[in-house]
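# attaching a predicted model along with its sequence, questions to come.
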Amino acid sequence: MSTQVTVTLPDTVYRNAVRLAELTQRELGDVLTDTLALSLPVLSHDQEGAAPLMALNDADVLALTMLELPPADNRQLSALLERQQAGTLTEDQRSQLAGLMQAYQVGLLRKAYALQEAVRRGLRDQLAP
């Protein structure tokens, strides 16, 4: 299912998107869709089941501050990013990359909020600016 959206882009963003579409020999709409998919974290129903940070005990909050992608996912993400940089991603790999990027972004967001909560509770020192 798709939803059509009309947006107004700054000229520089539009020109960059058009240039990327030309370089990758893809439709502009596909380039913009992929860019948004890779840029926006997915707040899936799985995340809705995650306990609010304030409800977690100190040990669980500290554990979340160390959250990382599983090593196999991290290796796969690196390999796919290299293929993307080289312009050799297949459509299946593009989908895999989007999924891994979304998992990474959601995890990073959760980790950042856990760090904030850990500092608020006095479990960790405030991070230097």
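Ah, there it is. Keep in mind the model is a prediction, meaning the values are calculated, not measured.

# how is this structure divided into domains?
Domain assignment for the chain, taken from automatic domain parsing, gives 1-39, 43-129.

# out of those domains, which one sits most buried?
Counting by mean count of other C-beta atoms under 10 Å, domain 43-129 has the highest mean neighbour count of the domains of the chain, with a mean of 13. Yep, even glycine has a C-beta here, placed from its N, CA and C like the rest.

# after the lowest-mean-pLDDT helix or strand in the chain, heading C-terminal, what element do we hit next?
Ranking every helix and strand in the chain by mean pLDDT, DSSP states H and E puts helix 45-48 at the bottom, with a mean of 47. Counting by DSSP states H and E, the element after helix 45-48 in chain order, helix or strand, is helix 58-64.

# and that following helix, how far out from the chain middle?
Distance of helix 58-64 from the chain centroid (C-alpha atoms, centre = their mean, to the nearest Å) equals 22 Å.

# for stretch 17-34, same thing?
Here the centre of mass of C-alpha atoms in stretch 17-34, compared against the chain's by C-alpha atoms, centre = their mean, lies 20 Å away.

# kindly check the end-to-end length of it for me.
Stretch 17-34 has an end-to-end distance of 11 Å (criterion: C-alpha to C-alpha, to the nearest Å).

# so Glu68 sits against Tyr104, correct?
No. Glu68 is not in contact with Tyr104 according to C-beta atoms under 8 Å; the separation is 9.3 Å.

# contacts for stretch 22-30, please.
Outside stretch 22-30, the residues within contact range by C-beta atoms under 8 Å, 6 or more residues apart in numbering are Ala17, Val18, Ala21, Val31, Gly87.

# grab the most central residue of this protein for me.
Gln105 (3.0 Å; C-alpha atoms, centre = their mean).
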